[in-house]
Structure formats: C-alpha cells, structure tokens
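> What shape does this take:
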Amino acid sequence: MKGSVAWLSTPVGRFVRDLVEGAIAGAIAAVVALQLDIATPQVILAAAVTGAIAAIIAVARRAIVNAVSPATPGQP
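Numbers count the residues shown, from 1 in each chain. Alright, predicted model coming up:
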C-alpha cells in the first residue's frame, strides 16, 4: 500500500490521479443527466468532455503551482 501511495506522489502518478478525478466528474455529470431524463448521446458526450476539461485544468493548475513554488520532497 505504501508503494502505491508513494507512486501517486510522483509526477506521473499525480497526472494519472488528475485524469481519474476528471473522469469521475464526467461520470457524475452523466448520472445527473440520466436522473433528469435528459440523457441523449449529446449530453453524455458533453459530460465526458466536461470531465476531460476538468482533468486538463487540474493538470495545468498543478504545473503552474509547481512552477511558481516547487514542492518539497515530502509534499504531494
């Protein structure tokens, strides 16, 4: 378990984590669309695109923060 936690602190692990969080956001948006009975293929596609955009924003935000103030070895 410690190995996987340590891997998530690497740049690649943080990137993967951001992508997964974006995918979860898209999935939640799709479920909300299904609950509101407005789930058409276009709405589901929009939810997936929203999740991808959220992931891209998270990755870009992390890159900007790291460029302004690089993380110390013990900081995620």
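
> so which helix or strand takes in residue 67?
Taking DSSP states H and E as the criterion, residue 67 maps to helix 41-68.

> May I see the buried residues of that helix?
Neighbour counts over helix 41-68 (16 or more other C-beta atoms under 10 Å) mark 43, 47-48, 50-51, 54-55, 58-59, 62 as buried. Backbone N, C-alpha and C define where each C-beta goes, glycine included.

> Can you add distance to residue 68 and give those back as a markdown table?
Converted to a markdown table, these look like this (distance: C-beta to C-beta, whole Å):
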| residue | distance to residue 68 |
| --- | --- |
| 43 | 37 |
| 47 | 32 |
| 48 | 31 |
| 50 | 27 |
| 51 | 26 |
| 54 | 21 |
| 55 | 21 |
| 58 | 16 |
| 59 | 15 |
| 62 | 11 |
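
> do you know how far residue 49 is from residue 56?
10 Å (C-beta to C-beta, to the nearest Å).

> what does residue 48 give?
Counting by C-beta to C-beta - residue 48 and residue 56 are separated by 13 Å.

> Repeat that for residue 22.
Applying C-beta to C-beta to residue 22 and residue 56 gives a distance of 7 Å.

> Give me the pLDDT value at residue 50.
With respect to pLDDT, residue 50 scores 79.

> Point out where the protein drops to low pLDDT.
For the chain, applying pLDDT under 70 flags the ranges 1, 38-39, 70-76.
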